[in-house]
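Student: based on what follows, work out the 3D shape:
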Amino acid sequence: MGLLSRIFGICKTKPPGDPGCWTCSHGKLEIDLARVPEFSESGKAIRLEGKGLSERILVVYGNDGQIHAVENRCTHMGRRLDPLAGDEAVQCCSVSKSTFSYAGTVISGAAKTPLKTFNVEMKDGKAIILLN
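Tutor: Here you go, the predicted structure:
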């Protein structure tokens with residue numbers, strides 16, 4: 001990521017190409033994985049915002065083959081996050097490059113507080129993220 005993108009906090013991760021692939025209600029978010037081509041290879045992610053969500057969510061199809069969900073807000077400066085290529089981690093898109101494990105633990109950078117993470121359950125081809 002270029003220096004200007006980091007200065008302005010512009011992340012690489014985009015919303016899903018199919019905005020109808022996910023719904024949010026009653027404290028859970030459901031993603032129909034068959035409608036998320038972004039997850040055709042591990043290490044990719046989508047960002048979810050709006051549709052009644054009270055916080056931004058980053059959903060990563062991890063290098064470990066699992067779906068992970070974290071609050072898409074760096075605990076240092078509040079910027080969005082991107083998956084870190086080739087690693088089981090996410091990184092802030094700012095110049096501080098705060099890096100967190102999928103479990104939310106701070107690995108490096110200016111952040112001192114862990115990320116909020118969400119439990120993910122798999123059922124009938126859907127990732128169900130429990131928001132409460």
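Student: now do the strands in the chain.
Tutor: Ranges of strands in the chain, per DSSP state E, are 22-25, 28-32, 44-48, 57-61, 67-71, 81-83, 89-92, 99-101, 106-108, 117-123, 126-130.
Student: adding distance to residue 14, mean pLDDT and mean neighbour count, write the ones you listed out as TSV.
Tutor: Quick note: C-beta positions are derived from backbone N, CA and C, even for glycine. Formatted as TSV, the strands of the chain follow (distance: least, Cβ to Cβ, whole Å; pLDDT from 0 to 100; neighbours: other Cβ atoms under 10 Å):
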stretch	distance to residue 14	mean pLDDT	mean neighbour count
strand 22-25	14	94	16
strand 28-32	15	96	19
strand 44-48	7	95	21
strand 57-61	11	97	25
strand 67-71	16	97	22
strand 81-83	10	92	23
strand 89-92	15	89	24
strand 99-101	20	95	21
strand 106-108	24	95	15
strand 117-123	20	97	13
strand 126-130	18	97	18
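Student: might you report the residue contacts of the residue nearest the centre of the chain?
Tutor: Centroid-nearest residue in the chain: residue 58, 1.8 Å away (criterion: Cα atoms, centre = their mean). Neighbouring residues of residue 58 by Cβ atoms under 8 Å, 6 or more residues apart in numbering: 13, 45-48, 69-72, 80-81, 83, 90.
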